[in-house]
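Engineer: with the input below, show me the fold.
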Amino acid sequence: MQLVIVESPAKAKTIEKYLGKDFKVLASYGHVRDLPPKDGSVRPDEGFAMDWELYRDKQKRFKEIADAAKDADRLVLATDPDREGEAISWHVQELLKKRKALPKDVDRVTFNSITKKAVTDAMAAPRELDQPLIDAYLGRRALDYLFGFTLSPVLWRKLPGAKSAGRVQSVALRLIVEREREIEAFKPDEYWSVLAKLEQDGTEFDARLVKYKGEKLEKLSLGTQGVAEEAKAAVEAGRFTVEAVETKPLKRNPSPPFTTSTMQQEAARKLGFSASHTMRCAQSLYEAGAITYMRTDGVQMDGSAIAAVRAEIGERYHSAYLPEKPRFYSTKAKNAQEAHEAIRPTNFGRDAAGSGDEAKLYSLIFKRAMASQMAAAQLERTTVTLRDATGQHELRATGQVIKFPGFFAVYQEGFDDKSEEDEDGLLPSLGKGDSPAKKSVEANQHFTQPPPRFSEASLVKRLEELGIGRPSTYASTIQTLRDRNYVRVEKNRFFAEDSGRLLTAFLERFFPRYVAYDFTAGMEDELDTVSDGREDYKDLLSKFWADFKPKTEEVMEKLPSEVTEVLDEYLSAYLFPPREDGKDARHCPLCETEGREGGRLSLRGGRFGAFIACANYPECKFTRRFAQPGGDGDDGSQDGLMGEHPETGAEIHRKSGRFGPYVEMEVDEKKKRASIPKDLDDFDLEWAIKLLDLPRIIGAHPETGKEIEAAIGRYGPYLRHDGKYAKLSSTRDVFDTGMNAAVTLLAEAANRKGGGRGAAREPIKTLGEHPTSGGEIKVMEGRYGPYVTDGTTNATLPKDVKPEDVEAAQAIELIDARAAKGPAKKKRKKAAPKKKTAAKKKAPAKKK
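Structural biologist: The predicted structure follows:
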């Protein structure tokens, strides 16, 4: 028997079907072990020796692998064809060796797609494990561990409220914070434009004033309303005739097929998917054999795939849509290795695959790959110049028409931020000397705009441009920033939170080298040299540690008050911007009002983070949040009685404390308080009642019957069920999240703790929509064994039924039967039987 190891059960089932009876295929469910999250897991003084620990939830799984390995003649490690896949194979081999269960013959095979041909071809061409690639993994893992576990304790002791820092995470956060600073420092300029509404042969079009009084107009030339009105009057008074018509042909070439990064960007723009959700959908499509491997920075396609897509284009479209020669692409991204193909369908004759969001992503991948081999789009851009009789004023109209759609017939790439002056409209037929009718003239006010905040797509693009991190890690990096509350997302844009701002300032001031873009990108270059076998990973670690360790020790020796004092000075321009009245920006407004002297504001550190306070504390109670520069602070001006609780009649008061405003009411002679969240701009009595009534019971979990509750804790809004927690994105989610969403969020949170990529998060099998609920039916691996679910009701599989063999009809029957029973009842523990009391002995009779 030959034992084959892959990552996921879905992949295992497909490959076992291709290989036949002589092979047994088992899944590792992602990584099987990692560095224990404690001090000493990497020991620099012992040549960077590392301790590894098998994940607790993988012990049963790995025992199954080890037992099978003892009976196997050959072990085939068939994990994913990248650095992480190589690492998983190495870990499996090392663990089996440690347990003396390693077969005599061990081979490594890789395939870029899960098709019968790809798998059988790979099995016919085995190789040994790639040691330089494993060394690159070990170097990266040790580097991230040393950075996080050495720097995080410094943060906990010196920077109140900070949670953690990461080698790539901290640099990504710096990008978001710097963009926030640019936006805050931006001063908008007013400008005006003059637009004439013209008509020719019944077709209306717009023409913009581009020359006024003989001077060419720049963007800010018309800076005031008065000047704009004068220009408007000149256009209204003039008779404009066509001076020139210029027509230019344009050609647009298609973009290459997707890499991991460009797929994440386009899925965010066109489908609104987060990077992590995109990768989950892509993983499912890959394991189903629908697409090639989804972690890649290569843009080229296999020769057979190019021939297949060209044949498909020839069948579907006119011959003009197929270029004479195939298109070949090369990447422009920094640090790209191009070790794998671009992401493409495995079968170009298959228009659709998967269901729900997976189907949407597949359609995007299919269209992008097909368009990459199609003819260029042919456009024609027309510019019409109109001049008045004096020759002093000119209008210009532009339009664009598609003469031949080419690849536009299939796909057009999205953009993050379009120019407000993009003009793609059609123009009527115009010739020199024509004088279009003037319908109206308008002067429009505008203001220059600050640079836009990063979206997930634009942040991923910027990280890739800088060569920071790897596309396969961007999703987890972004998720960590959100989980740590360093950033928040509003309307798909990242906003830096005060904790993120403070952490970035701390790192910039005390660890500037390690949040420098060039340094982080340089580390990626060095790790690439390790994977190429040109550098020893321990030499890389030694160079890093020789500078990093002394720097952390130097900062650790500083008192928290010294750190706060340095940050107070470093952030002075942001925290204390100039006042309009010209007074000292650090003067305490409350002390000024009450006539106290010496009221000077400065940055302070508290248990829950940094804030601004007055030097006259405790006499002066003025405080201000860190992220409220130049504000009036929480001086108690809004404090007072808000109203009564509608059920108890208890008075609800708004108050201000050292850590911000809160509401309070009396319950059973005890004070009940709730902080006022920062994300509630419309805070009123109704919100106060809601907050004081927390926690909110959502209902009984459909699987366990135990209650799910939503509440707000020290680290923000969350869900709780049976001792397990899941993070919510906003305060409103605490009151809006329903049962279906709650169950999903709790399951996802549990899976994230499961230890590595693909760990029990992907369905074993998907069976289409449930005829009643409409939810997608999935066969999942659960804590207590496999089960089927439609997203609302979970039903455990009978012990004699294999999850791979479940059919749609059987799954529907199990789900409907479980739903009919209602929520599981709580099991009451039987009272322990009472002990029989020993019979009391009769007292001896007293002697007379």
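
Engineer: going forward, measure contacts and count neighbours with C-alpha atoms only.
Structural biologist: Will do.

Engineer: distance check, P451 against E182.
Structural biologist: Distance of P451 to E182, computed by Cα to Cα, to the nearest Å: 7 Å.

Engineer: where does the stretch 401-550 of the chain dip in pLDDT?
Structural biologist: 414-425 (pLDDT under 70).

Engineer: now the helices for it?
Structural biologist: Applying DSSP state H, counting those that start in this stretch to the stretch 401-550 of the chain gives helices spanning 456-466, 471-483, 498-510, 517-531, 537-556.

Engineer: name the residues of the longest one that are buried.
Structural biologist: The neighbour-count check on helix 537-556 (16 or more other Cα atoms under 10 Å) flags Y537, K538, L540, L541, W545, F548, T552, V555, M556 as buried.

Engineer: touching, S476 and S276? I think so.
Structural biologist: Yes - contact status for S476 versus S276: in contact at 6.9 Å, counting by Cα atoms under 8 Å.

Engineer: who has more neighbours, the two?
Structural biologist: Per other Cα atoms under 10 Å, whichever of S476 and S276 has more neighbours is S276, with 18 against 13.

Engineer: what's the separation between the nearest residue to that one once chain neighbours are set aside and T292?
Structural biologist: Excluding the flanking residues, the one nearest S276 by Cα to Cα, 6 or more residues apart in numbering is A475, at 4.8 Å. Using Cα to Cα, one obtains 19 Å as the distance from A475 to T292.

Engineer: of these two, give the one with the bigger neighbour count.
Structural biologist: Neighbour totals were compared for A475 and T292, and T292 leads with 25 against 20 (other Cα under 10 Å).

Engineer: which one is that one nearest to, not counting chain neighbours?
Structural biologist: Spatially, and ignoring its direct neighbours in sequence, T292 is nearest to S113 (4.4 Å; Cα to Cα, 6+ apart).

Engineer: again with L285
Structural biologist: Distances taken as Cα to Cα, 6+ apart put I291 closest to L285, at 5.9 Å, once the chain neighbours are dropped.

Engineer: related to what we said a few turns ago, for I5, see how far away the residue nearest to T292 is.
Structural biologist: 16 Å.

Engineer: my guess is L746 meets G723, correct?
Structural biologist: No - L746 is beyond contact range of G723, at 10.9 Å (criterion: Cα under 8 Å).

Engineer: tell me which of those two has more neighbours.
Structural biologist: Legend: neighbour count by other Cα under 10 Å for L746 and G723, higher for L746 (20 against 5).

Engineer: that one belongs to a helix?
Structural biologist: Yes - assessed by DSSP: H, G, I helix; E, B strand; the rest coil, L746 belongs to a helix.

Engineer: wait, a helix at I708?
Structural biologist: No - read with three-state DSSP, I708 is strand and lies in no helix.

Engineer: contact partners for the closest residue to it other than its chain neighbours?
Structural biologist: Closest residue to I708 apart from its sequence neighbours, by Cα to Cα, 6+ apart: H721 at 4.8 Å. Going by Cα atoms under 8 Å, 6 or more residues apart in numbering, H721 touches H701, K706, E707, I708, E709, L746.

Engineer: which neighbouring elements make contact with the helix or strand where I812 lies?
Structural biologist: Using DSSP states H and E, I812 sits in helix 808-821. Counting contacts by 3 or more Cα pairs under 8 Å, 6 or more residues apart in numbering; DSSP states H and E, helix 808-821 packs against strand 785-789, strand 794-796.

Engineer: starting at the chain centroid, how far to the shortest one?
Structural biologist: So that's strand 794-796. Counting by Cα atoms, centre = their mean, to the nearest Å, strand 794-796 is centred 31 Å from the centre of its parent chain.
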